[in-house]
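Enquirer: pasting the structure only:
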(Lines give C-alpha, C1' and ligand atoms only; values in the text may rest on other atoms or scores of the structure.)
Protein backbone atom coordinates (compact mmCIF):
# COMPACT_ATOMS: atom_id res chain seq x y z
CA UNK A 1 0.00 0.00 0.00
CA UNK A 2 1.07 3.54 -0.66
CA UNK A 3 1.78 5.84 2.31
CA UNK A 4 -1.16 8.10 1.42
CA UNK A 5 -3.50 5.10 1.40
CA UNK A 6 -2.25 3.98 4.79
CA UNK A 7 -2.83 7.50 6.13
CA UNK A 8 -6.41 7.48 4.80
CA UNK A 9 -7.12 4.13 6.48
CA UNK A 10 -5.55 5.26 9.76
CA UNK A 11 -7.49 8.56 9.87
CA UNK A 12 -10.82 7.02 8.94
CA UNK A 13 -10.44 4.16 11.41
CA UNK A 14 -9.98 6.70 14.21
CA UNK A 15 -13.53 7.85 13.38
CA UNK A 16 -14.98 4.32 13.23
CA UNK A 17 -13.19 2.78 16.23
CA UNK A 18 -15.25 4.63 18.89
CA UNK A 19 -18.39 3.32 17.14
CA UNK A 20 -17.10 -0.24 17.38
CA UNK A 21 -20.18 -1.99 18.74
CA UNK A 22 -22.49 -0.25 16.28
CA UNK A 23 -20.06 -0.73 13.37
CA UNK A 24 -19.73 -4.45 14.12
CA UNK A 25 -23.52 -4.84 14.30
CA UNK A 26 -23.91 -3.09 10.94
CA UNK A 27 -21.16 -5.25 9.45
CA UNK A 28 -22.74 -8.55 10.50
CA UNK A 29 -26.20 -7.40 9.47
CA UNK A 30 -24.83 -6.57 6.01
CA UNK A 31 -22.86 -9.79 5.84
CA UNK A 32 -25.84 -12.00 6.66
CA UNK A 33 -28.09 -10.05 4.29
CA UNK A 34 -25.61 -10.47 1.45
CA UNK A 35 -25.08 -14.18 2.15
CA UNK A 36 -27.52 -15.71 4.65
CA UNK A 37 -25.64 -19.02 4.47
CA UNK A 38 -22.69 -17.37 6.23
CA UNK A 39 -24.79 -17.15 9.38
CA UNK A 40 -24.07 -20.86 9.98
CA UNK A 41 -20.38 -20.00 10.50
CA UNK A 42 -21.45 -18.00 13.56
CA UNK A 43 -24.23 -20.21 14.90
CA UNK A 44 -22.38 -20.86 18.17
CA UNK A 45 -20.80 -17.42 18.49
CA UNK A 46 -21.66 -14.74 20.99
CA UNK A 47 -22.15 -11.95 18.44
CA UNK A 48 -21.22 -9.23 20.93
CA UNK A 49 -17.89 -10.95 21.51
CA UNK A 50 -17.55 -11.61 17.78
CA UNK A 51 -18.01 -7.90 17.12
CA UNK A 52 -15.29 -7.04 19.63
CA UNK A 53 -12.98 -9.53 17.92
CA UNK A 54 -13.76 -7.98 14.53
CA UNK A 55 -12.96 -4.49 15.74
CA UNK A 56 -9.77 -5.68 17.49
CA UNK A 57 -8.64 -7.44 14.30
CA UNK A 58 -9.34 -4.33 12.23
CA UNK A 59 -7.45 -2.24 14.76
CA UNK A 60 -4.49 -4.61 14.58
CA UNK A 61 -4.47 -4.40 10.78
CA UNK A 62 -4.74 -0.61 10.72
CA UNK A 63 -2.07 -0.18 13.39
CA UNK A 64 0.34 -2.45 11.54
CA UNK A 65 -0.08 -1.40 7.91
CA UNK A 66 3.28 0.36 8.21
CA UNK A 67 4.85 -2.83 9.64
CA UNK A 68 4.21 -5.58 7.08
CA UNK A 69 6.72 -7.90 8.78
CA UNK A 70 4.38 -7.96 11.77
CA UNK A 71 1.06 -7.74 9.91
CA UNK A 72 1.45 -10.35 7.19
CA UNK A 73 2.40 -13.38 9.33
CA UNK A 74 -0.47 -12.58 11.71
CA UNK A 75 -2.88 -12.26 8.77
CA UNK A 76 -1.70 -15.59 7.34
CA UNK A 77 -2.30 -17.25 10.72
CA UNK A 78 -5.75 -15.65 10.88
CA UNK A 79 -6.46 -17.18 7.47
CA UNK A 80 -5.38 -20.61 8.68
CA UNK A 81 -7.72 -20.34 11.67
CA UNK A 82 -10.61 -19.12 9.54
CA UNK A 83 -10.19 -22.07 7.16
CA UNK A 84 -10.72 -24.29 10.18
CA UNK A 85 -13.98 -22.45 10.91
CA UNK A 86 -15.24 -23.27 7.42
CA UNK A 87 -14.49 -19.97 5.69
CA UNK A 88 -14.27 -20.47 1.92
CA UNK A 89 -12.40 -18.34 -0.63
CA UNK A 90 -15.71 -17.02 -2.00
CA UNK A 91 -16.59 -15.61 1.42
CA UNK A 92 -13.81 -13.04 1.20
CA UNK A 93 -15.60 -11.03 -1.49
CA UNK A 94 -18.76 -10.88 0.59
CA UNK A 95 -16.85 -9.85 3.70
CA UNK A 96 -15.07 -7.12 1.73
CA UNK A 97 -18.35 -5.76 0.39
CA UNK A 98 -19.92 -5.80 3.87
CA UNK A 99 -16.88 -4.00 5.29
CA UNK A 100 -17.00 -1.28 2.64
CA UNK A 101 -20.74 -0.82 3.15
CA UNK A 102 -20.20 -0.52 6.89
CA UNK A 103 -17.45 2.05 6.43
CA UNK A 104 -19.58 4.02 3.99
CA UNK A 105 -22.41 4.19 6.51
CA UNK A 106 -20.17 4.99 9.46
CA UNK A 107 -18.05 7.62 7.71
CA UNK A 108 -20.76 9.24 5.61
CA UNK A 109 -19.23 12.02 3.51
CA UNK A 110 -15.83 11.08 4.92
CA UNK A 111 -15.91 7.93 2.80
CA UNK A 112 -14.52 9.77 -0.19
CA UNK A 113 -13.24 7.95 -3.28
CA UNK A 114 -9.61 8.09 -2.03
CA UNK A 115 -10.65 6.70 1.37
CA UNK A 116 -12.66 3.95 -0.31
CA UNK A 117 -9.73 3.10 -2.58
CA UNK A 118 -7.41 2.96 0.44
CA UNK A 119 -9.73 0.59 2.33
CA UNK A 120 -10.09 -1.58 -0.78
CA UNK A 121 -6.30 -1.80 -1.02
CA UNK A 122 -6.01 -2.66 2.68
CA UNK A 123 -8.69 -5.32 2.40
CA UNK A 124 -7.12 -6.84 -0.73
CA UNK A 125 -3.82 -7.10 1.16
CA UNK A 126 -5.48 -8.66 4.19
CA UNK A 127 -7.74 -11.03 2.25
CA UNK A 128 -4.97 -12.15 -0.10
CA UNK A 129 -2.65 -12.88 2.81
CA UNK A 130 -5.36 -14.70 4.74
CA UNK A 131 -6.25 -16.82 1.72
CA UNK A 132 -2.60 -17.71 1.14
CA UNK A 133 -2.35 -18.71 4.80
CA UNK A 134 -5.52 -20.78 4.53
CA UNK A 135 -4.46 -22.70 1.41
CA UNK A 136 -2.35 -25.34 3.20
CA UNK A 137 -5.12 -25.93 5.75
CA UNK A 138 -7.66 -26.46 2.96
CA UNK A 139 -5.33 -28.81 1.09
CA UNK A 140 -4.85 -31.01 4.16
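Expert: Happy to help now that I have it. As the structure is a prediction and not an experimental result, all values here were calculated from the model.

Enquirer: contacts and neighbour counts: CA atoms only from here.
Expert: OK.

Enquirer: Can you list the buried residues in the helix or strand residue 12 falls within?
Expert: Under the criterion of DSSP states H and E, residue 12 resides in helix 3-16. Residues of helix 3-16 classed as buried under the neighbour-count rule (16 or more other C-alpha atoms under 10 Å) are 5, 6, 7, 8, 9, 10, 12, 13, 16.

Enquirer: Please compute how far it lies from its chain's middle.
Expert: 14 Å (C-alpha atoms, centre = their mean, to the nearest Å).

Enquirer: After that helix, which helix or strand is next? Please name it.
Expert: helix 20-34.

Enquirer: So for that following helix, mean pLDDT?
Expert: Helix 20-34 shows a mean pLDDT of 97 in the predicted model.

Enquirer: So which bits of that helix are buried?
Expert: Neighbour-count burial for helix 20-34 [16+ other C-alpha under 10 Å]: 20, 21, 23, 24, 25, 26, 27, 28, 30, 31, 32.

Enquirer: And residue 45, its phi and psi?
Expert: Here is the backbone geometry of residue 45 (degrees, to the nearest 10): phi -90, psi 140.

Enquirer: what about it, distance to residue 11?
Expert: To residue 11, residue 45 is 30 Å away according to C-alpha to C-alpha, to the nearest Å.

Enquirer: in the chain, which ranges drop under the pLDDT threshold?
Expert: Within the chain, the stretches with pLDDT under 70 are 140.

Enquirer: Show me what the longest helix that the chain contains is packed up against.
Expert: Of all the elements of type helix in the chain, the one with the most residues (DSSP state H) is helix 113-139. Under the contact definition 3 or more C-alpha pairs under 8 Å, 6 or more residues apart in numbering; DSSP states H and E, helix 113-139 sits against helix 3-16, helix 68-84, helix 91-107.

Enquirer: what angle separates it from helix 91-107?
Expert: Following axes from the mean of the first three to the mean of the last three C-alpha atoms, to 10 degrees, one obtains 150 degrees for the angle between helix 113-139 and helix 91-107.

Enquirer: Now for the residue nearest to residue 87 when sequence neighbours are not counted: which residues touch it?
Expert: Closest residue in space to residue 87, ignoring its immediate chain neighbours: residue 41 at 7.6 Å, by C-alpha to C-alpha, 6 or more residues apart in numbering. Counting by C-alpha atoms under 8 Å, 6 or more residues apart in numbering, residue 41 touches 85, 86, 87.
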